[in-house]
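1. Give me a 3D structure for the following:
(chains A and B)
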Amino acid sequence: MEFSELIRTGRAQAELLPGPEEAPLRGTLCVTGHHLLLSPGPPSTPDLWLLLLRSVDSIEKRVAGDSGTITLRCKDLRVLQLDIEGVEATLDIARSIEALSSLESVITSFPFFYRPKGLRLGDAWHFHPPERYYKRVARETNAWRLSEVNQDFSLCSSYPRAVIVPRAVDDDALAQCARFRQGGRFPVLCYHHAPSGTVLLRSSQPLTGPQKRRCAEDEDLLRAVLTGARPGAQGFIVDTRSSQAAKQARMTGGGTEAKAAYPGWKRLHRPLERGRALQESFVRLVEACGDTEQSMDRWLSRLEGCRWLAHVKEALSTACLAAQGMEREGACILVHGAEGTDSTLLVTSLTQLILDPLSRTITGFQELVEREWIQAGHPFQLRCAHSAFSHTRPKHEAPTFLLFLDCVWQLGRQFPLSLEFGEGLLLALFEHAYASPFGTFLCNSEKERCLCEVRTRTHSLWSGLNQPKEQRKLRNPLYVPNPLAIWPSVEPQSLRLWQGLFLRWTRPPEPSEVAWEKVWQIVTEREKTGDSAHSFCLSSQPKQ
Amino acid sequence: MEHIRTPKVENVRLVDRVSSKKAVLGTLYLTATHVIFVENVPDARKETWILHSQISTIEKQATTATGCPLLIRCKNFQIIQLIIPQERDCHDVYISLTRLARPVKYEELYCFSFNPKLDKEEREQGWMLIDLSEEYKRMGLPNNYWQLSDVNRDYKVCDSYPTELYVPKSATAHIIVGSSKFRSRRRFPALSYYYKDNHASICRSSQPLSGFSARCLEDEQMLQAIRKANPGSDFIYVVDTRPKLNAMANRAAGKGYENEDNYSNIKFQFIGIENIHVMRNSLQKMLEVCELKSPSMSDFLWGLENSGWLRHIKAIMDAGIFIAKAVSEEGASVLVHCSDGWDRTAQVCSVASLLLDPHYRTLKGFMVLIEKDWISFGHKFNHRYGNLDGDPKEISPVIDQFIECVWQLMEQFPCAFEFNERFLIHIQHHIYSCQFGNFLCNSQKERRELKIQERTYSLWAHLWKNRADYLNPLFRADHSQNQGCLHLPVAPCNSMYKFWSGMYNRFEKGMQPRQSVTDYLMAVKEESQQLEEELEALEERLEKIQKVQLNHITVKSNKQSEPSKHSGFSTSDNSTANTPQDYSGNMKSFPSRSPSQGDEDSALILTQDNLKSSDPDLSVNSDQESGVEDLSCRSPSGGERAPSEDSGKDRDSDEAVFLTA
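-> Numbers count the residues shown, from 1 in each chain, chains lettered A, B, ... in the order given. This next block holds a predicted model:
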């Protein structure tokens, strides 16, 4: 397919109104296969790259007289307005953008064409393979092994090639377990908490069905988890659905672990919002944040009506509960909901952030996202197909990953010195998850990424982010390694709206940028004096 | 002391607010100035001190099997729940505190017995730290348009105004006196702030006694004089900060607002800020929300909205923004009033000044601002904050709202203020504590009669002495953004107004960020400075040594050790001894409450960890002052003990609860 077929008009004269309190830009508007460009006036000035067409969430056109206006609402919540000369040009450009921004083919998407300077293809794909995390686990305990039973993705299409499982369970048993779990997602290890010797596992729901089927291998696996931890260890199954929803799931072949079948394991239900309800919550919040007309009277009830902060509270409390079970009670935790690809990952990744100091470093956090979201089979392509502005009927969209980032932001606000990364990294991940020139968030699973050869044909976001020039934006200058668990407060008084994201384009950015500069200045000053003191001491040592 | 029925009760339990099952055993002492709870734990002997003047309400609750619960709510938003074994003791404590919390004479207040061990000279110097005549000079007064008036010498014209007032040069004594007779409580228009750059000014007064049709020539001349004192503008704004309906209702009582037809070239404007009764109820409702035990997000947001608190805060801010814009952008002078001109008027004038003038955003400037717009202009501290027993309907959180407005601005402009959040919290604390004389009485006249300056100490000197604690490391005086008027976004953004948990839940330490950016950055700054000084000293020494050409002097070991001493700093900072909370909510299935929580959260209440002496009768002690405030937020680490010890100790009990699941 040629992009040119979709481009009805390549060029038009236009004026861009980027946002409140910013000067408008005039120039020639140009639609390319992947981008919308505005090239201002004189030919000597470089093209102003406007945006990736993929990041357009909705487009609205209006014509009046002999000109028109296009409003582009982007997936990163930015709103751009373009005044275009000529009615035909307006309509053509709008149609072109509409067609190009909703292309579904992965292999014709921009990451397959993006070749930035200074980066080598495929250089970062070796950053976070499953083997790497297994090496860390193996240093801490001998009870687990790396299984390549899913080498050809035949057992579980949403799992990576290699997963960490109890040493006592062989690959044949795993195959039986996979048959007993939805989508083949049998329980695997996601985190070993060395201080307590406990583990965090995740899976999908067991396929007990109305007949309350059982699976001996699955029961053995969970028993092996407990014996591997320590004799007499307890386990908790955190089901992210209400007990009623879990019961109902039996009618459609799903269900939940029967108490009698899994001795030592107790089941807890912590219902978390998911799917369409979560997406609607996101849409309502963005709408409320963009509405400047409302009175103060109604703002808080609107915020309440969005329920977003309630979801943040629930997600954090559930993760805290799991972390508390491990660190304080010495219990093993298995988390699952239905498919085990959404709220399950939300809980397991947040739990690790609370407990594991390494996951709070920049590389550790990237590894966490890679391991617990991307390789764990969170269907990014489906979930992030549209953001909060789209008028199309939502199908599989859900801002689960954004909810995770919001929770991380809340952790960072309550422990401002304990995360090595700042808000910048979270904002970048949000943007790239929804539309990116990098291949990292493409597709829904490792299997699909393999088929599309994403690893070899696109650049990795991690190598993009790890370039030195990006560091100042992403790093938290206040970071001081904190070896302890960080227990956030989940009281409503302690949770705040993430203004840096939801009000990013509506509030003036200067005050917070000025503050950020100052923080950097204070910290680098200390480093400088420290360095000069050190070098002074070295240089002034009397020579023997 | 005669009001203390029982000075000491043993075996009292102090209940943890977060998890009510948890309580610590100790002894309760009543002194002339404080309630003190001393824990029985022999090593720690943690103490909780509460000033009588901070007590807002005392509530005796239904006796249970364990004893008689007593709930004490404080004006600084601390809540203490005690369980006293004997009903009789509880009653005695209740009766004693009820009386002690409501002194009838000024002499009973803490400031008259508080002695920070300063000599007379130091005390006098302390009172001279903030000098309003200096402040008017700084504004550029007197000048061709404004002069100091002695018309209120001996408080002859208005007893709630100060003696030193600036009025337009063309306003004669006759005009002023005439105008004062036409204004509630004779509070005639006087200068609050003069904007040097364009001669515009902010003046304040009370409402005119206009009724339905009354006029006063002198009052009209007074407003004209204000207009003429600003050659750059041919009109003045008259801002009535009340809702229009309230102002109209006042007309029936012979009061009211200015009729635009009677005054030449005024633009009249209502800005609906509600009265003190609405504000008192609003705070009450918000505090009820803060007190909820594990509320859901909906409970909290609904409650907060229904309290109307943030809406009121925004109304005050909007008024301040309107005036600041009128002055700086339109170059027009503004006359502000409400009813009596001592509550809403004080709020609005001070918010506008703060927006206009960067000086008020400095430590000292902020003290001056409170001294000017609140203390000198007769804000009724005694009535509003209930220092002496009085009419409960007079009590209202007027200055609390102003302080919150400042905090909301600090949140929006993190680099614009020289001071930090702690500074605001401590000022709020002392408005109620009556430990210093600054906020006593209802007017300057009363304070002079009581000889406050000769008998008490000034808070400003105390804060100034400890200013290192109150600095905002992010302050950038040089940045263009912070020079001149603060620029707020054009579109009023409601989402900018946030709940201030650092104030209203300040004693629930678990709810606050567990690490302080401010303290960390201050420590970093201090460290760089020390390093730099040391480096300089070393360089000097090296030069000397090289001059003497002594090659074999081994200062090296010494030199090396000094800088490395500091490198240990950053790692010592991570001891966020932090324990999990009750994450299970109301779910019965998983009642995982962490019993360990209380250990740390006893820091919820005013602790006196730094008081080495365990003598509870240290009611008059200079050390105490620093102890009264949040100690735990002062050290960057915030943790007092090794985390491992903490978790080890609690594991057993934790598990027990966990296992009952």
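2. for residue 319, what are its contacts?
-> Unless you meant another one, I'm taking chain A. A:346, A:347, A:350, A:351, A:353, A:354, A:407 (Cβ atoms under 8 Å, 6 or more residues apart in numbering or on different chains). C-beta here means a position set from N, CA and C on the backbone, and glycine is covered the same way.
3. actually it's chain B I care about, not the one you picked
-> When contacts are counted by Cβ under 8 Å, 6+ apart, residue B:319 touches B:239, B:241, B:271, B:273, B:344, B:347, B:348, B:351, B:352.
4. could you dump whichever strand or helix holds the first one to PDB, C-alpha only?
-> Secondary structure assigned from DSSP states H and E places residue B:239 in strand B:236-240. These are the backbone C-alpha positions of strand B:236-240, laid out as PDB (Å, rounded to 0.1, in the frame of the first residue of the first chain):
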ATOM      1  CA  ILE B 236     -10.900  54.400  41.300                       C
ATOM      2  CA  TYR B 237     -12.400  51.000  41.900                       C
ATOM      3  CA  VAL B 238     -14.500  50.600  45.000                       C
ATOM      4  CA  VAL B 239     -14.500  46.900  45.800                       C
ATOM      5  CA  ASP B 240     -17.100  45.500  48.200                       C
END
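5. Report the beta-bridge partner residues of residue B:193.
-> residue B:202 (DSSP bridges).
6. what helix or strand does residue A:335 sit in?
-> Here residue A:335 sits within strand A:332-336, counting by DSSP H and E.
7. Contacts for that strand, please.
-> The contact list for strand A:332-336, computed with Cβ under 8 Å, 6+ apart, reads A:185, A:187, A:198-205, A:222, A:225-226, A:229, A:233-240, A:265, A:322, A:325-326, A:344, A:347-348, A:351.
8. Of those, which ones also sit close to chain B?
-> For chain B, the contacts drawn from the contacts of strand A:332-336 by Cβ under 8 Å from any Cβ of the partner chain are residue A:325.
9. Tell me where chain A has strands.
-> Counting by DSSP state E, chain A has strands at residues A:11-17, A:25-31, A:35-40, A:48-52, A:56-64, A:67-74, A:79-85, A:144-147, A:163-166, A:188-193, A:198-202, A:235-239, A:265-269, A:332-336.
10. Nearest residue to the middle of the chain?
-> Using chain A. Chain A has residue A:401 as the residue nearest its centroid, 3.8 Å off, counting by Cα atoms, centre = their mean.
11. hm, I was asking about chain B
-> Nearest to chain B centroid, counting by Cα atoms, centre = their mean: residue B:428, 2.3 Å.
12. quick revisit: the residue nearest to the centre of chain A: what's it in contact with?
-> Applying Cβ under 8 Å, 6+ apart to residue A:401 gives the contacts A:373, A:378, A:380, A:383, A:384, A:429, A:430, A:433.
13. got TSV for these, with distance to residue A:283 and neighbour count too?
-> Shown next, in TSV, are the contacts of residue A:401 (distance: Cβ to Cβ, whole Å; neighbours: other Cβ atoms under 10 Å in any protein chain shown):
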residue	distance to residue A:283	neighbour count
A:373	22	22
A:378	20	28
A:380	19	22
A:383	14	24
A:384	14	24
A:429	20	26
A:430	15	23
A:433	17	26
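14. Which of these sits closest to chain B?
-> For the contacts of residue A:401, the minimum distance to chain B (Cβ to the nearest Cβ) is 18.4 Å, reached by residue A:430.
15. I'd guessed the closest one sits against residue A:406; true?
-> No - using Cβ atoms under 8 Å, residue A:430 is not in contact with residue A:406; the gap is 9.2 Å.
16. shared neighbours, the two?
-> Between them, residue A:430 and residue A:406 share these contacting residues under Cβ under 8 Å, 6+ apart: residue A:501.
17. Hmm, residue A:237 is touching residue A:264, no?
-> No - applying Cβ under 8 Å, one finds residue A:237 not in contact with residue A:264, separated by 10.7 Å.
18. Could you check which of these two is surrounded by more residues?
-> residue A:237 (23 against 16; other Cβ atoms under 10 Å in any protein chain shown).
19. Just the pLDDT at the more buried one, thanks.
-> Model confidence at residue A:237, given as pLDDT, is 97.
20. before we move on, what about residue A:122?
-> Note on residue A:122: pLDDT of 72.
21. quick one: it from residue A:439, how far?
-> 10 Å (Cβ to Cβ, to the nearest Å).
22. of those two, who's got more company?
-> residue A:439 (27 against 15).
23. Pretty sure the more buried one sits against residue A:459.
-> Yes - with contact defined as Cβ under 8 Å, residue A:439 reaches residue A:459; the gap is 6.4 Å.
24. and residue A:135, how many residues sit next to it?
-> Counted with other Cβ under 10 Å, residue A:135 comes out at 11.
25. Let me see the mean pLDDT of the helix or strand where residue B:282 lies.
-> Here residue B:282 sits within helix B:276-291, counting by DSSP H and E. Mean pLDDT, computed over helix B:276-291, is 96.
26. so which residue of the stretch 401-544 of chain A comes closest to chain B?
-> Counting by Cβ to the nearest Cβ, the stretch 401-544 of chain A gets nearest to chain B through residue A:492 (3.5 Å).
27. Neighbours of that residue, how many?
-> Neighbours of residue A:492 (other Cβ under 10 Å): 28.
28. now swap in residue B:154 and tell me
-> 9.
29. okay, it: pLDDT?
-> The model's pLDDT for residue B:154 equals 93.
30. what stretches of the chain score poorly on pLDDT?
-> The chain I'm using is chain A. Within chain A, the set of residues satisfying pLDDT under 70 comprises A:1-2, A:18-22, A:41-47, A:49, A:124-126, A:294-297, A:540-544.
31. My question was about chain B, not that one.
-> Scanning chain B with the threshold set as pLDDT under 70 gives B:1, B:18-21, B:489-493, B:549-578, B:584-661.
32. Can you give me every residue that contacts residue 183?
-> Just so you know, I chose chain A. So residue A:183 contacts A:156, A:157, A:158, A:204, A:339, A:340, A:341 (Cβ under 8 Å, 6+ apart).
33. that's the other chain; I wanted chain B
-> Counting by Cβ under 8 Å, 6+ apart, residue B:183 touches B:189, B:205, B:206, B:207, B:208, B:209, B:219, B:341.
34. closest to residue A:312 among those?
-> Nearest to residue A:312 among the contacts of residue B:183 is residue B:341, at 44.5 Å by Cβ to Cβ.
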